[in-house]
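> task: produce atomic coordinates for the following.
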Amino acid sequence: MTKVFKRHVLSLIIRVILLCIAIFIYATNPSRLDFTTIDTGNVFLFILWVLLAVGMLFRIFPNRYVAMGARKHNSLNTTDSSKQNQPSPNLHRGTVGIVLFWISLNSLITVGLHLLGILNPATSIIFVLLYAISDLVFILFYCPFQKIFMRNRCCVTCRIYNWDYFMMCTPMLIFPSVFSLSLIFLALVVLVRWEIAVYKNPHYFAPQTNEQLRCANCTDKTCLLKKI
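Coordinates of the predicted model:
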């Protein structure tokens, strides 16, 4: 197992623990999950904010602790410069479908929670953590975006790898506060920086032009539990 794989497993465990704690708080005192009111003594929300913010800062300032799938827009290793202006024709495949699916899914969830009378900051925190767990489940076990929409080989070559934090923050969009807006801002920085790189340097994102994305050179090996 690689260090990257082990870090992903550890992150998954931590996020599951946080979700269990959040559900317990929601069942006993849901106001403790209300991030729209400033409470410096709210340890749980403080820990959650720090974990998300630090994770996004690592994406903004890539380093060796970040998976290649998330930092490939800053790292190119190619021996064939003639291919640099020939990006993969399938680079953007499925992205429109994913955007439409994500908007539809969150719209349905929002309407459903509103009809049930439980649309509030507390429930949005639950969904933030559910999305955070799903992100790692997709990486380690099975990714519907990969299989259904993009049909890419693995996470290292994933076109939308750095969309994850903005997707996690989606449930908080309708509850503006210092807590939510600061996280959404960082998520947008990660997302916009990624998209600019996609259009400026598309050859960074394809194994045909970036040798680091090829199986033989992969240092992530997050696909150990997947059928590639």
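
> when you work out contacts or count neighbours from here on, use the C-alpha atoms and nothing else.
Noted.

> spatially central residue in the chain, please.
By Cα atoms, centre = their mean, the chain has its centre lying nearest to Asp164, at 1.7 Å.

> hmm, who's touching the host helix or strand of that residue?
Taking DSSP states H and E as the definition, Asp164 sits inside helix 164-169. With contact meaning Cα atoms under 8 Å, 6 or more residues apart in numbering, helix 164-169 is reached by 52, 56, 127-129, 131-132, 135, 180, 183-184, 187-188, 190-191.

> got the phi and psi for Arg151?
Dihedral pair for Arg151: phi 60, psi 30, per degrees, to the nearest 10.

> now do Thr219
phi -110, psi 0.

> quick one: residues contacting it.
2, 4, 68.

> tell me the phi and psi of Arg93?
Note on Arg93: its backbone torsions stand at phi -60, psi 130 [degrees, to the nearest 10].

> next SSE after the helix holding Asp164?
helix 178-200.

> show me which residues of that following helix are buried.
Buried residues in helix 178-200, counted by 16 or more other Cα atoms under 10 Å: 179-180, 183-184, 186-191, 194-195, 197-198.

> return the distance of the lowest-mean-pLDDT helix or strand in the chain from the chain's centre.
Lowest on mean pLDDT, DSSP states H and E among the helices and strands of the chain sits helix 68-71, with a mean of 92. With Cα atoms, centre = their mean, to the nearest Å as the basis, helix 68-71 stands 12 Å off its chain's centre.

> just after the lengthiest helix in the chain, pick out the following helix or strand.
Longest helix in the chain, counting residues (DSSP state H): helix 3-28. Next in sequence after helix 3-28, counting helices and strands by DSSP H and E, comes helix 43-60.

> chain center to whatever helix or strand Tyr131 lives in, what's the gap?
If you go by DSSP H and E, Tyr131 is part of helix 121-140. Distance, stretch centre to chain centre, for helix 121-140: 10 Å (Cα atoms, centre = their mean).

> packing partners for it?
Counting contacts by 3 or more Cα pairs under 8 Å, 6 or more residues apart in numbering; DSSP states H and E, helix 121-140 is packed against helix 3-28, helix 164-169.

> who's in contact with it?
8-9, 11-12, 15-16, 18-19, 22-23, 26, 30-36, 143-144, 155, 164, 167-172, 175, 222-226.

> pLDDT below threshold where in this protein?
Scanning the chain for pLDDT under 70 picks out the ranges 40, 75-89, 228.

> circling back to that earlier point, how much distance is there from the helix holding Asp164 to the middle of the chain?
Its chain's C-alpha centre and that of helix 164-169 lie 5 Å apart, by Cα atoms, centre = their mean.

> buried residues, it. List them.
Buried residues in helix 164-169, counted by 16+ other Cα under 10 Å: 164-169.

> picking that back up, ok, so of the contacts of Thr219, who is nearest Val43?
Among the contacts of Thr219, Val4 lies closest to Val43 (Cα to Cα), at 28.1 Å.

> how many residues are close by the closest one?
Neighbours of Val4 under the rule other Cα atoms under 10 Å: 18.

> re the thing from before, between the helices and strands packed on helix 121-140, which one is closest to His73.
Taking Cα to Cα, helix 164-169 is the member of the helices and strands packed on helix 121-140 nearest to His73, at 15.3 Å.

> can you dump the C-alpha atoms of the closest one in PDB for me?
Extracted C-alpha coordinates of helix 164-169, given in PDB (Å, rounded to 0.1, in the frame of the first residue of the first chain):
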ATOM      1  CA  ASP A 164     -14.600  17.700  -4.800                       C
ATOM      2  CA  TYR A 165     -14.300  20.400  -2.100                       C
ATOM      3  CA  PHE A 166     -16.800  22.700  -3.900                       C
ATOM      4  CA  MET A 167     -19.100  19.700  -4.200                       C
ATOM      5  CA  MET A 168     -18.700  19.100  -0.400                       C
ATOM      6  CA  CYS A 169     -19.600  22.700   0.300                       C
END
